[in-house]
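Trainee: Okay, predicted coordinates and the sequence, questions at the end:
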Amino acid sequence: MQMRGKVRFRFRSPESDIDVLIEGEYDVVNSIRDELGLQGRVGFIQPLSARLVHGHEPELSSALGDEKDLEDLSDENKLPGPPPDPTSIPAVVRRIGDLDIKAEISDLDGPSRTEPQIEYIREFLESIDELEPLKNNLSGDPMAEAWLQIVLTLVVRQHGQTSLPISAIEELIGEKINKEGTELELFLNRLWIMGRLELIYGGAEVHYAPNPSWLVSQ
């Protein structure tokens, strides 16, 4: 095995006021050490971009070629525009915690997040004359699932919320789907097992969030 690549050789002798530092290709550094009589265990070598290889292993070449190859590239093969200049990119320094996310979203005219108004949602639900049940009836109650889909769609798209507590679901559509209390919890839990809802623990009570693919299902 032998070393190839760039290395750093350092030899210091404070008693004799000697300080030698040589950097370069391994073969060149060794040649200079020979000339200075610093071979053997004198000093130490630090690999910079060197590696150990077998003696018969060929030298590695750059995938882009050497400098001469790059200079000989035709205009058709060169990248358009001036060479990149990293110093032209302005640095943006911001202390951690200083970013006002709500203000940034407002500046971008992004949707704001509001608390669902139960009374307004109930009025909207009352205005619905006909509602088609979901065609996929694996839940056992496609009509109840259709009402739940409308409620969670309003919560997500109109108010920017991600979930709704069981008590709000029961207040809005409990009577419409004839499911309250434990029966409603079992129905929602069945939809969670089927992957149509996400179950969220935390806070005063359990919340349910809709799966995006379920919101657009028919």
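Mentor: Nice, thanks for sending it over.
Trainee: remind me which residues of the chain are low pLDDT?
Mentor: For the chain, applying pLDDT under 70 flags the ranges 1-4, 41, 50-79, 105-116, 136-137, 139, 202-203.
Trainee: Now do the same contact list for residue 121.
Mentor: For residue 121, the contact set (Cβ atoms under 8 Å, 6 or more residues apart in numbering) comprises 151, 154-155, 172. Bear in mind the C-beta positions are built from the backbone N, C-alpha and C, glycine included.
Trainee: out of the residues you listed, which are inside helices?
Mentor: With helices defined by DSSP state H, the entries of the contacts of residue 121 inside them are 151, 154-155, 172.
Trainee: Between these, which sits nearest residue 26?
Mentor: Proximity of the ones in helices among the contacts of residue 121 to residue 26 (Cβ to Cβ) peaks at residue 155, which lies at 67.4 Å.
Trainee: Based on its surroundings, how many neighbours for that closest one?
Mentor: Counted with other Cβ atoms under 10 Å, residues neighbouring residue 155 total 21.
Trainee: do you know how far it is from residue 89?
Mentor: Distance of residue 155 to residue 89, given as Cβ to Cβ, to the nearest Å: 42 Å.
Trainee: Likewise for residue 122?
Mentor: The gap separating residue 122 from residue 89 is 53 Å, by Cβ to Cβ.
Trainee: neighbour count winner among those two?
Mentor: More neighbours sit around residue 122 than around the other of residue 122 and residue 89, counting by other Cβ under 10 Å; the figures are 14 against 8.
Trainee: what about residue 20, is that helix, strand or coil?
Mentor: Under DSSP: H, G, I helix; E, B strand; the rest coil, residue 20 falls in the strand class.
Trainee: contacting residues for it?
Mentor: 9-12, 36, 38, 43.
Trainee: Just these: which are in strands?
Mentor: For the contacts of residue 20, membership in strands holds for 9-12, with DSSP state E as the criterion.
Trainee: Please tell me which one of these counts the most neighbours.
Mentor: residue 9 (21 neighbours).
Trainee: Number of residues surrounding the nearest residue to that one once chain neighbours are set aside?
Mentor: Once its chain neighbours are removed from consideration, residue 9 has its nearest residue in residue 22; the separation is 4.4 Å (Cβ to Cβ, 6 or more residues apart in numbering). By the measure other Cβ under 10 Å, the count of residues near residue 22 is 19.
Trainee: doesn't residue 31 make contact with residue 22?
Mentor: No. Taking contacts as Cβ atoms under 8 Å, residue 22 lies outside contact range of residue 31: 9.9 Å.
Trainee: can you tell me which residues contact the most centrally placed residue in the chain?
Mentor: The geometric centre of the chain, computed from its C-alpha atoms, lies nearest to residue 101 (Cα atoms, centre = their mean), at 18.0 Å. Contacts here follow Cβ under 8 Å, 6+ apart; on that basis residue 101 touches nothing.
Trainee: Next: residue 42.
Mentor: With contacts taken as Cβ under 8 Å, 6+ apart, residue 42 has the following neighbours: residue 11.
Trainee: ok, now how distant is it from residue 143?
Mentor: With Cβ to Cβ as the criterion, residue 42 and residue 143 are 90 Å apart.
Trainee: Also residue 218?
Mentor: In this structure, residue 218 lies at 13 Å from residue 143, with Cβ to Cβ as the measure.
Trainee: Report the set of residues contacting both of those two.
Mentor: Both residue 218 and residue 143 lack any common contact, where contact means Cβ under 8 Å, 6+ apart.
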